[in-house]
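>>> predicted coordinates and the sequence they were generated for:
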Amino acid sequence: MNLEEVMKILQEQMKVAVFATVDEDNKPHARHAHIGVANEHGVFFMTHPRTNFYSQLMTNQNVAITAMSEDGYLIQVIRIEGKIRQVDKVMLKELLKDNPYVKHVYPDESDRQGAQVFQLYQGEGFYHSLTQGHRYVFKIDAE
């Protein structure tokens, strides 16, 4: 399984992942976030500058992401650890396009437009089909 196939599963089948960060006191925090885009260039997601998530990302650019899907017999898990960076607002439109949660999280258009896009651009990951036993490691390097 190649990187593009793993990223397609992450974006289209899993859609939401748990993002783990640490705060300025090195205390761990985790929250769910929508996977806006996942491809050979990394994982793109968004948050608003007024959130603790944003502050933690700005303090320490290392994150861990994990997601799972279950469809009948097939149970898949993807885990990624890597570095993030802010990206241009041009990506915001792409992330908002198919996000079914955005109107609940950011009910006002001004809140949506104020969101910041981040890219996990470098890291290592692991795909595991728990029911089929398939295991793959992969790297993201979109410098």
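Cool, got the structure.

>>> the least confident helix or strand in the chain by mean pLDDT packs against which elements?
Every helix and strand in the chain was compared by mean pLDDT, DSSP states H and E; the lowest is helix 90-97, with a mean of 72. Judged by 3 or more CB pairs under 8 Å, 6 or more residues apart in numbering; DSSP states H and E, the packing partners of helix 90-97 are strand 37-39, strand 42-47, strand 116-129. The C-beta positions use only the backbone N, C-alpha and C, and glycine is treated the same way.

>>> how far does the first one sit from its chain's centre?
So that's strand 37-39. 9 Å (CA atoms, centre = their mean, to the nearest Å).

>>> what's next to it, contact-wise?
4, 7-8, 10-11, 43-44, 91, 94-95 (CB atoms under 8 Å, 6 or more residues apart in numbering).

>>> now a ChimeraX select for only the buried ones of those.
Under the burial definition 16 or more other CB atoms under 10 Å, those of the contacts of strand 37-39 that qualify are selected in ChimeraX by:
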select :7,10,11,43,44,91,95
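
>>> if we only consider the contacts of strand 37-39, which is nearest to Ile84?
Closest to Ile84 out of the contacts of strand 37-39 is Val43 (8.5 Å), distances taken as CB to CB.

>>> for that closest one, which non-adjacent residue is closest in space?
Leu120 (4.2 Å; CB to CB, 6 or more residues apart in numbering).

>>> tell me the contacts of the nearest residue to Gln122 once chain neighbours are set aside?
Nearest residue to Gln122 in three dimensions, chain neighbours excluded: Lys83, at 4.7 Å (CB to CB, 6+ apart). Lys83 makes contact with 61-63, 120-123, according to CB under 8 Å, 6+ apart.

>>> quick one: contacts for the spatially closest residue to His48 that is not a sequence neighbour?
Sequence neighbours aside, Ala115 is the residue nearest to His48 in space, at 5.1 Å (criterion: CB to CB, 6+ apart). Taking CB under 8 Å, 6+ apart, we find Ala115 in contact with 46-48, 92, 95-96, 106.

>>> chain center to stretch 101-119: distance?
Relative to its chain's centre, stretch 101-119 lies at 15 Å (CA atoms, centre = their mean).
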